[in-house]
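Visitor: All I have is the shape, not the residue letters:
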């Protein structure tokens, strides 16, 4: 899902330490570097997220879940 980034998003991302990348998801298998649900990960990895924020949008995975 494409979500447009504005100053409010940037502020809240920092203030609340928002996480939305595969690297933070409970479905992420870091040992094998893949999604346990077999979804593509390249669009949602942290490095790509940082570039996309600068471009004015992020790609958010609808199956993202935190396990905390």
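Guide: Cool, got the structure. Keep in mind it's a predicted model, so treat the numbers as computed, not measured.

Visitor: Against which helices or strands is the one helix or strand in the chain whose mean pLDDT sits lowest packed?
Guide: For the chain, counting by mean pLDDT, DSSP states H and E, helix 46-55 ranks last in confidence among helices and strands (a mean of 86). For helix 46-55, the packing partners by 3 or more CB pairs under 8 Å, 6 or more residues apart in numbering; DSSP states H and E come out as strand 57-59. (Glycine included, C-beta is placed from N, CA and C.)

Visitor: quick one: strands adjacent to the strand it packs on?
Guide: Strand pairing for strand 57-59, determined by DSSP bridges: strand 2-4 (antiparallel).

Visitor: Can you name the next helix or strand after the strand it pairs with?
Guide: Using DSSP states H and E, the next helix or strand after strand 2-4 towards the C-terminus is helix 7-15.

Visitor: still on that earlier bit, tell me which residues of the least confident helix or strand of the chain come out buried.
Guide: 48-49, 52 (16 or more other CB atoms under 10 Å).

Visitor: ok and it relative to helix 7-15, angle-wise?
Guide: Here helix 46-55 runs at an angle of 140 degrees relative to helix 7-15 (axes from the mean of the first three to the mean of the last three CA atoms, to 10 degrees).

Visitor: And stretch 46-65, end to end?
Guide: 15 Å (CA to CA, to the nearest Å).

Visitor: which residues are contacting it?
Guide: Stretch 46-65 has contacts (CB atoms under 8 Å, 6 or more residues apart in numbering) with 1-5, 10, 13, 20-27, 37, 39, 42-44.

Visitor: next one: it to chain centre, how far?
Guide: The chain centroid and the centroid of stretch 46-65 are separated by 5 Å under CA atoms, centre = their mean, to the nearest Å.

Visitor: before we move on, back to that, buried members of the contacts of stretch 46-65 into ChimeraX, please.
Guide: For the buried members of the contacts of stretch 46-65, the matching ChimeraX selection, counting by 16+ other CB under 10 Å, is:
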select :13,20,21,22,24,25,27,39,44
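
Visitor: Restricted to strands, list the contacts of stretch 46-65.
Guide: By the criterion of DSSP state E, membership of those in strands covers 2-4.
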